[in-house]
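Chemist: Fold the following.
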Amino acid sequence: MEIKLIRQYYQKKYTIGRLYVNNYFFSDTLEPPSKRLSEKCSLKTIKKVKGEGFRAIPTGRYRILITRSQRFGRWLPLLLNVKGFEGIRIHAGNKPEDTKGCILLGFNRRKGYVLDSTRCVLTLVKMMTEAMEKGEKVFVMVR
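Modeler: Residues are numbered from 1 along each chain as shown. As a prediction, the model looks like this:
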């Protein structure tokens with residue numbers, strides 16, 4: 001399964017993007033502000049920029065597993081090997097304060113927010129789980 005997150009709106013307090021699953025639009029995304037980091041940036045650079053506050057993860061392609069989140073008490077997608085970051089998940093939330101680096105799903109019908117987040121996350125987790133049960137690997141390309 002291939003997931004694509006295309007960031008579109010870079011604001012001072014948040015970043016809005018669009019998420020595609022197997023090339024079909026799935027939902028909008030909300031992330032912390034982006035400093036347009038790339039997986040090609042050095043770890044030193046990423047840590048320096050990240051040290052300024054909560055930031056969106058670097059662009060790149062990441063494998064995803066569904067694991068149990070201690071923080072959220074449920075099974076959620078976890079992005080693996082995100083340079084300079086740990087515990088990056090796709091989870092529910094509505095406003096910039098709900099993420100410290102993770103990707104929130106929903107529909108951007110209100111400036112700076114995503115709505116219907118829980119439904120979007122549950123649907124995506126179901127789709128990912130079904131793909132994994134068929135032996136597929138799941139990846140997200142963040143651009």
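Chemist: Identify the residues contacting the helix or strand of the chain with the lowest mean pLDDT?
Modeler: Across the helices and strands of the chain, the lowest-confidence element by mean pLDDT, DSSP states H and E is helix 43-50, at a mean of 89. The contact list for helix 43-50 (Cβ atoms under 8 Å, 6 or more residues apart in numbering) reads Lys35, Leu37, Arg55, Pro58, Lys83, Gly84, Phe85. For every residue, glycine as well, the C-beta is placed using N, CA and C.
Chemist: Kindly recompute the last result at 6 Å.
Modeler: Here helix 43-50 makes contact (Cβ atoms under 6 Å, 6 or more residues apart in numbering) with Lys35, Leu37, Lys83, Gly84.
Chemist: ditto for stretch 28-36
Modeler: So stretch 28-36 is contacted by 5, 10, 14-15, 17-19, 49, 54-56, 99, 103-104, 107-108, 114 (Cβ under 6 Å, 6+ apart).
Chemist: Buried residues in that stretch, which are they?
Modeler: Neighbour counts over stretch 28-36 (16 or more other Cβ atoms under 10 Å) mark Asp28, Thr29, Leu30, Glu31, Pro32, Pro33, Ser34, Lys35 as buried.
Chemist: Could I get the full set of helices for this protein?
Modeler: Taking DSSP state H as the test, the helices found in the chain are 43-50, 117-133.
Chemist: so the most centrally placed residue in the chain bridges to which residues?
Modeler: Centroid-nearest residue in the chain, with Cα atoms, centre = their mean: Ile103, separated by 2.7 Å. Under the criterion DSSP bridges, Ile103 forms beta bridges with Ile90.
Chemist: Next up, the contacts around it.
Modeler: So Ile103 contacts Thr29, Glu31, Ile90 (Cβ under 6 Å, 6+ apart).
Chemist: again, but for Leu78
Modeler: Leu65, Thr67, Arg89.
Chemist: again, only using 10 Å
Modeler: 62-69, 86-91, 102 (Cβ atoms under 10 Å, 6 or more residues apart in numbering).
Chemist: and what of Tyr24?
Modeler: Tyr24 neighbours (Cβ under 10 Å, 6+ apart): Lys4.
Chemist: Can you check the pLDDT for it?
Modeler: Listed pLDDT for Tyr24 reads 98.
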